[in-house]
Each structure stands twice: as C-alpha cells, then as structure tokens.
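**Q** just to be clear, the model below is a prediction. Sequence and coordinates:
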Amino acid sequence: MRKVITYGTFDLLHYGHINLLRRAKELGDYLIVALSTDEFNLNEKRKKSYFSYDQRKLLLESIRYVDEIIPEENWEQKRTDIKKYGIDILVMGDDWTGAFDFVKEEGAEAIYLPRTPEISTTQIKQDLRDEIHG
C-alpha cells in the first residue's frame, strides 16, 4: 500500500483544494491530510482561518479522497510524520517546490503539484473584501 500525505489549512474549501486532494490520492492508495491547527496558523503562519480547525476537519472528512486527517502543529513534524505513518509520498502545491525535498532522507518522495491557477483562498477573501468595500 502506497501512503500519501499532504499538509495545509484548507480554509474556505474550494475546487482547487478538491483538485489537489484528488491528484494526491491518485498517487497512492491511502491519503492522509495534515490539517493546520488554529494555533499553528495564528502563531507560525501568521494567518487566521475563517473556519475553525474542527469545522475544516468536518469538511475534509466529507471528501471521498481523504482517508485520514491528523493535526499539523509545527513545521518540523513532516519529518516525523513520514516515519510515524509509513509515508511514501509527500504532496504539496508547486509554490513550495524544493522546500520539502529533505523527506528523501526519511525514505519518502516529495511531489509538487501545480495549483489550480484561477482559484485560491487568498483571492476569494480579496474578492469578498472588494465586493463589500467596492
């Protein structure tokens, strides 16, 4: 069984997220999503999610491509997650290209998938701000 893991906030879930999850699942048999906790988002990523961790987790649980969800609590856990969960492939968006190549040292492959170009959570938030203040 080939295990795949991906990491992210997955706030304001949209079809770009679904595309990423679908393509990640196609690379293996079992997909784990490490979902950024509210504390990690706020303290390390310096962003506040619209939906809470529990709400984002509930949304991800409803997606057929996702087999398991674990909390992402720090940047360093990628290395330990590879061993703990027996991960074969780490999948991230291509805006992270090269950043996680170190997983090869842990026996996993890093694959960076192209993002869906016309959609992003940041763009959705900006569009909503523009609409309100526009």
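**A** Received it, and whenever you're ready, just let me know what you need.
**Q** low-confidence stretches in the protein?
**A** The chain contains residues with pLDDT under 70 at 117-125, 127-128, 134.
**Q** quick one: the strands in it?
**A** For the chain, the strands defined by DSSP state E occupy 3-8, 30-36, 68-72, 89-93, 109-113.
**Q** which neighbouring elements make contact with the first one?
**A** What it means is strand 3-8. On a contact count with 3 or more Cβ pairs under 8 Å, 6 or more residues apart in numbering; DSSP states H and E, strand 3-8 meets helix 15-26, strand 30-36, helix 77-84, strand 89-93. Where you see a C-beta, it was placed from the backbone N, CA and C, and this is true even at glycine.
**Q** make CSV out of those and add distance to I132 and mean neighbour count.
**A** Putting these into CSV (distance: least, Cβ to Cβ, whole Å; neighbours: other Cβ atoms under 10 Å) gives the following:
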stretch, distance to I132, mean neighbour count
helix 15-26, 22, 18
strand 30-36, 26, 22
helix 77-84, 37, 16
strand 89-93, 28, 22
